[in-house]
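Undergrad: Sequence first, then the predicted structure:
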Amino acid sequence: MATSDAPDTTPEFDTSQPTIARVYDALLGGKDNFAADREGAALYLKYVPDAGRCAIENREALVKGVHYLARVAGIDQFLDIGSGLPTQKNTHEAAQEINPNAKVAYVDNDPIVLAHGRALLATNNSTIVVTADLREPQGILDNQEIKDHLDFSRPIALMIVGIHMHFHDDEKPDEWVRTIMDQLVPGSYLFITDFVDTGEPLQKGMERAGLESLGNGWIRTPERIEQHFLGMPLVPPGLDFLARWFPEDPEGDVPAAEDLQPYQRILMAGIAKKV
């Protein structure tokens, strides 16, 4: 992992309050979490007994999306915002098994991600981890480590995977994403997963779990999720439930939406291309 010349000033982190990254880690069966995070994960499991499987499906969708971007789209630079802890196969592993020279910049606002990420990626010079927040997109664009690591004159895949649900629409999160996409060249991509609202009780249960455990976690209609892509064209198969979403094989046989298990109708994914 690339490092800067600045002294190591990894900030301390509060273990008494759950964080998105650590609750997600707990749901994935990871070990980089604390009692408060496990309590948060337990709330998800209370309302959505298969919440752990949802988390795993979201991670599997991340891998499917990165494989498409690296193998089919030819992308070799990834800016993964809200990356969380590298509990299971993560962006750098998925990208670098297709292209060993692929570069990944992880961004998360949880200081523990920086601390653990630097330790886990100490021998990977193609991957960096920085602490920053999507709420301040210009700060991400101005971050010197990111600017040194990624070539903004070439296409980049911007990944906002499993993050939008943690921001209320009143915060205008699409505008944060737009600020970053505006600085990416044509041929870049935007990859998103989000909680969906098609009127099912379990989807409402997921929202309730998020609001009670983290104070956020809103569901949105498919039409609203499509607006996250800022009017850019989606690559096939478009926006769909994760279990039906295979961008490398968009014409393949997939189960009908009504045949999915209820927990499989909680998240949707899509990738759009900037033209």
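TA: Looks like it came in fine. Numbering: from 1, shown residues only.
Undergrad: for the one helix or strand residue 204 maps to, which positions count as buried?
TA: For residue 204, the host element (DSSP states H and E) is helix 201-213. The neighbour-count check on helix 201-213 (16 or more other CB atoms under 10 Å) flags 202-203, 205-210, 213 as buried. (Each C-beta comes from the backbone N, C-alpha and C, glycine too.)
Undergrad: now do stretch 72-90
TA: 73, 75-88, 90.
Undergrad: do the same with stretch 165-174
TA: 165-167, 173-174.
Undergrad: Just to check, residue 227 is in contact with residue 173?
TA: No: assessed by CB atoms under 8 Å, residue 227 is found out of contact with residue 173, at 10.6 Å.
Undergrad: Quick check: neighbours shared by these two?
TA: With CB atoms under 8 Å, 6 or more residues apart in numbering applied, the contact sets of residue 227 and residue 173 do not overlap.
Undergrad: all strands of the stretch 151-275 of the chain, in order?
TA: 157-161, 189-195, 240-241, 267-273 (DSSP state E, counting those that start in this stretch).
Undergrad: For residue 61, find the nearest of these.
TA: Closest of the strands of the stretch 151-275 of the chain to residue 61 is strand 267-273, at 4.8 Å (criterion: CB to CB).
Undergrad: So what touches that closest one?
TA: Here strand 267-273 has contacts from 54, 57-58, 61, 64-65, 68-69, 73, 162, 187-196, 222, 225-226, 229-230, 232-235, 238-242, 245, 247, using CB under 8 Å, 6+ apart.
Undergrad: sorry, back to before: filter the buried residues of stretch 72-90 down to the ones in strands?
TA: Within the buried residues of stretch 72-90, residues falling in strands by DSSP state E are 77-81.
Undergrad: Contact partners for residue 50?
TA: By CB under 8 Å, 6+ apart, the neighbours of residue 50 are 261-263.
Undergrad: Nearest to residue 101 among the residues you listed?
TA: residue 263 (37.0 Å).
Undergrad: Now do the contacts for that closest one.
TA: If you count contacts by CB under 8 Å, 6+ apart, residue 263 has them with 48, 50-51, 53-54, 202.
Undergrad: Just the ones of the residues you listed in helices?
TA: Judged by DSSP state H, helices contain the following of the contacts of residue 263: 51, 53-54, 202.
Undergrad: Buried ones only from those, please, as a ChimeraX command.
TA: The buried residues among these can be selected in ChimeraX (16+ other CB under 10 Å) with this line:
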select :51,54,202
